[in-house]
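*Asks:* predicted model follows, preceded by the sequence.
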Amino acid sequence: MAKQEIILKGLPASGGIAIGPAYVYEREEVFVTERILSDSELATELHLLDEAMERSRHQLRKITSFAHEKLDEDAAQIFEGQLMMIDDPEMRKALEQRLAREKKNADFLIYDELQKYRAMLNHNTDELLRERMVDIDEVGQRIIRNLQKKRLHSTVESEHVIFANQLTPSDTILFSKNDVLGYATDLGGITSHAAILSRSLKIPAVTALHTITEHVHTGDEVIIDGQRGLIIVNPSDEHLQEYRRKIERIERLERELKDLVDLPCVTPDEHKVELSANAEFINELEYVITQGSKGIGLYRTEHLYIEKGDFPSEQEQYIEYSEIAHMMYPQPVIFRTFDIGGDKLLEAGVLESNPFLGWRGIRMMLDKREIFRQQLRALLRASRMKNIKIMFPMISGVAELQEVLDLLDDVREELRAQDIPFDASMDIGLMIEVPSAVFVADELAQRVDFFSIGTNDLVQYLMAVDRNNELIADLYQEFHPAVLRAIKTTIDTGHRHDIWVGMCGEMAGNPLATVLLLGLGLDEFSMVPSVIPEVKKIVRSTTHEEARRVAAEVLMKSNARDINTYLTDYMQRRHPELFANMLNGENGAENE
Ligand code: PEP
Ligand code: MG
């Protein structure tokens, strides 16, 4: 008799689909018993602890170097973080002091320390912090295992979908050596390190399945759908066929999209637009280039501040900006000046009841003039190859823009006086993301070389919908007529003043919006690099005339739902293969 099909829904942690046998992985737990040591045992215990820490360090170094070979820099940092925990002299000191004071065995003391952390983090409402417990646990358990001279047998069957209660970062990377097909876990969120690593390794993963390990046995046939967060155990023939077709379709589309990388982004009736990438880390740039991007449309510089926990010096910035400009040359890079505040980190001690409407972006920089000057100096100094542009976030009106431009002039003068070369004809632009800027776009356009529409914030401010609040996520509507009219006004106004208009908010990378934005006359689309080929495919197969017709029809509609339905139908008719992919992907129209 056919086994019963079971479908479970979890969180989509890493995209991709796979079909294959399951392997249920059970980690050997470490057990610790509390012992009181005699005075004569204390020195030996401390020595054994040091040995175990050294062994753990050695094991982690091996994993870290493998991670550096296999993963991007950010993902590999996860293991550097674990190494730092072992190297932390405070931890060693605390254990030594407890050993001398309490005279208890070292593995118990580590276990006890872990319990303390666990209790502390369990009550924390920050999911990200709670996820970090897995790393702390992994380091602690590694040292305990080494103290007990036990080895972890963490091998799994190759070409299987791995099922586990929870996976640690090391499990995730070490299992990947065995060509695993996917990861499915009872616990863990999409921000867990195991999830981040799965995405970096491009292995499908579904987390937060709660009881999946009770429903699946090693050898069961399973489908893992990492795009929708689904696990199908013992799939029916219909599901198997459906998913085999999906896999074929995705593979075909990927092949097709790869062929587009070197082709220009031009419509069949010769209307050309630029597709560029949003980036914030230097190590993303290689990928950006392979996706066929025509430069960086938004480089979020605030990550330098976030990583350092403080403002970087002019020289540090100059080095980073020069390197980026060099890597992308001759393609342009648009650096956005620090956009700190809002959800992007507040300075210690600054408490605002409404940070998104508070001391954020250009407002903060105009108050921190010396820091702002340093950033402008660093950017200008790095502009010698003439492929840098600067844009300012959160500009709300002419006076504010003028203040920024005056400061920029000042900095230019200072550099000239010091005989420091820079690109004197560098393009300067601003983000249109505060609604008031839309209404004074006429005056703003006379003072800059380009606009870049930041829909992430523009939608939130226009609609009074916090972009991070799940309770009202359905009110956050990119296709609301008010948003579309604001976009149209911005583009038309820019063009009237002969400046180009781009978009660097998420909407620019939503394939459902591509034809509409093309029809509204957008000149540049800047997006997460992975969607560039899809957007390019749409542009290359839509005449500008057709896009203008679509835009005109959309602009006549009075609500977001009708616009969404219209664009979904259009996409389904004109690009069925891309549409099917979207349904499975992060841009899923079905989530709208
Ligand atoms: C935006 O607001 O659309 C934007 C691109 O900037 P950020 O998401 O960094 O606020
Ligand atoms: Mg913004």
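*Replies:* All right, it came through fine. Residues are numbered from 1 along each chain as shown. Ligands and ions are numbered 1, 2, ... in the order given.

*Asks:* residues from this structure in reach of ligand 1?
*Replies:* 298, 300, 339, 433, 454-457, 504-505 (C-beta under 6 Å from any ligand atom). The C-beta positions use only the backbone N, C-alpha and C, and glycine is treated the same way.

*Asks:* tell me where the stretch 451-592 of the chain has strands.
*Replies:* 500-503, 524-527 (DSSP state E, counting those that start in this stretch).

*Asks:* average model confidence for the last one?
*Replies:* In this model, strand 524-527 has an average pLDDT of 95.

*Asks:* strands paired with it, and their directions?
*Replies:* strand 274-279 (parallel), strand 500-503 (parallel) (DSSP bridges).

*Asks:* is any residue of it near ligand 2?
*Replies:* No. Counting by C-beta under 5 Å from the ion, ligand 2 is not contacted by strand 524-527; separation bottoms out at 12.4 Å.

*Asks:* contacts for that strand next, please.
*Replies:* 273-278, 296-298, 334, 452, 500-504, 506, 508-509, 514, 517, 535 (C-beta atoms under 8 Å, 6 or more residues apart in numbering).

*Asks:* go again using 6 Å as the cut-off
*Replies:* Strand 524-527 is contacted by residues 274-276, 278, 297-298, 502, 504, 508-509 when judged by C-beta atoms under 6 Å, 6 or more residues apart in numbering.

*Asks:* likewise the first one?
*Replies:* The set of residues that contact strand 500-503 without belonging to it, under C-beta under 6 Å, 6+ apart, is 297, 450-453, 491, 494, 522-524, 526.

*Asks:* return the alpha-carbon coordinates of that strand using PDB.
*Replies:* Output in PDB follows, covering the C-alpha atoms of strand 500-503 (Å, rounded to 0.1, in the frame of the first residue of the first chain):
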ATOM      1  CA  TRP A 500      17.600  61.100 -15.600                       C
ATOM      2  CA  VAL A 501      15.400  59.300 -13.100                       C
ATOM      3  CA  GLY A 502      16.200  55.900 -11.600                       C
ATOM      4  CA  MET A 503      14.700  53.800  -8.900                       C
END
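
*Asks:* sec struct for Pro421, please.
*Replies:* Secondary structure assignment for Pro421 (DSSP: H, G, I helix; E, B strand; the rest coil): coil.

*Asks:* would a markdown table of the strands paired with strand 524-527 with mean pLDDT and distance to ligand 2 be doable?
*Replies:* As requested, the strands paired with strand 524-527 are arranged in a markdown table below (pLDDT from 0 to 100; distance: least, C-beta to the ion, whole Å):
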| stretch | mean pLDDT | distance to ligand 2 |
| --- | --- | --- |
| strand 274-279 | 93 | 11 |
| strand 500-503 | 98 | 12 |
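
*Asks:* and the one helix or strand Gly429 maps to, which strands flank it?
*Replies:* Following DSSP states H and E, one finds Gly429 within strand 428-432. The strands beside strand 428-432 in its sheet (DSSP bridges) come out as strand 388-392 (parallel), strand 450-453 (parallel).

*Asks:* coming back round to it: okay if I get the strands paired with strand 524-527 as TSV plus mean neighbour count?
*Replies:* Shown next, in TSV, are the strands paired with strand 524-527 (neighbours: other C-beta atoms under 10 Å):
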stretch	mean neighbour count
strand 274-279	25
strand 500-503	24
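
*Asks:* kindly report the residues of the stretch 301-450 of the chain close to ligand 2.
*Replies:* Counting by C-beta under 5 Å from the ion, the stretch 301-450 of the chain sits next to ligand 2 at Glu433.

*Asks:* now the closest residue to ligand 1 within the stretch 301-450 of the chain: closest residue in space that isn't a chain neighbour?
*Replies:* When scored by C-beta to the nearest ligand atom, the stretch 301-450 of the chain has Glu433 as its residue closest to ligand 1, at 4.6 Å. Residue nearest to Glu433 in three dimensions, not counting chain neighbours: Gly454, with 3.3 Å by C-beta to C-beta, 6 or more residues apart in numbering.

*Asks:* so who does that neighbour touch?
*Replies:* 431, 433, 505.

*Asks:* how close does it sit to ligand 2?
*Replies:* 4 Å (C-beta to the ion, to the nearest Å).

*Asks:* mind checking pLDDT for that residue?
*Replies:* 97.

*Asks:* for His575, same thing?
*Replies:* 86.

*Asks:* now it, nearest residue through space, not along the chain?
*Replies:* Nearest one to His575, counting by C-beta to C-beta, 6+ apart, is Ile538 at 6.3 Å.

*Asks:* go ahead and confirm the one you found touches Thr514.
*Replies:* Yes. With contact defined as C-beta atoms under 6 Å, Ile538 counts as touching Thr514 (4.4 Å).

*Asks:* buried among the residues of the chain next to ligand 1? Need that as a selection in PyMOL.
*Replies:* What follows is the PyMOL syntax selecting those of these that are buried according to 16 or more other C-beta atoms under 10 Å:
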select buried, resi 298+300+339+433+454+455+457+504+505
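
*Asks:* in the stretch 51-200 of the chain, which spans are helices?
*Replies:* Listed in chain order, the helices of the stretch 51-200 of the chain (DSSP state H, counting those that start in this stretch) span 73-87, 89-102, 106-122, 127-131, 133-147, 169-176, 193-201.

*Asks:* export those helices to TSV and tack on mean neighbour count and mean pLDDT?
*Replies:* Below are the helices of the stretch 51-200 of the chain laid out as TSV (neighbours: other C-beta atoms under 10 Å; pLDDT from 0 to 100):
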stretch	mean neighbour count	mean pLDDT
helix 73-87	17	84
helix 89-102	13	91
helix 106-122	16	84
helix 127-131	14	69
helix 133-147	21	88
helix 169-176	24	88
helix 193-201	24	84
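
*Asks:* among these, which is nearest Glu45?
*Replies:* Glu45 sits nearest to helix 106-122 of all these, at 5.3 Å, using C-beta to C-beta.

*Asks:* ok so, going back, nearest to Arg98, of the strands of the stretch 451-592 of the chain?
*Replies:* Here strand 524-527 is closest among the strands of the stretch 451-592 of the chain (C-beta to C-beta), at 52.0 Å.

*Asks:* any stretches of the stretch 151-300 of the chain with poor pLDDT?
*Replies:* 153-154 (pLDDT under 70).

*Asks:* how about TSV for the helices of the stretch 51-200 of the chain, with distance to Ser353 added?
*Replies:* TSV is the format used below for the helices of the stretch 51-200 of the chain (distance: least, C-beta to C-beta, whole Å):
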stretch	distance to Ser353
helix 73-87	33
helix 89-102	35
helix 106-122	27
helix 127-131	23
helix 133-147	30
helix 169-176	37
helix 193-201	32
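
*Asks:* quick one: closest of the ones you listed to Arg416.
*Replies:* Here helix 73-87 is closest among these (C-beta to C-beta), at 37.2 Å.
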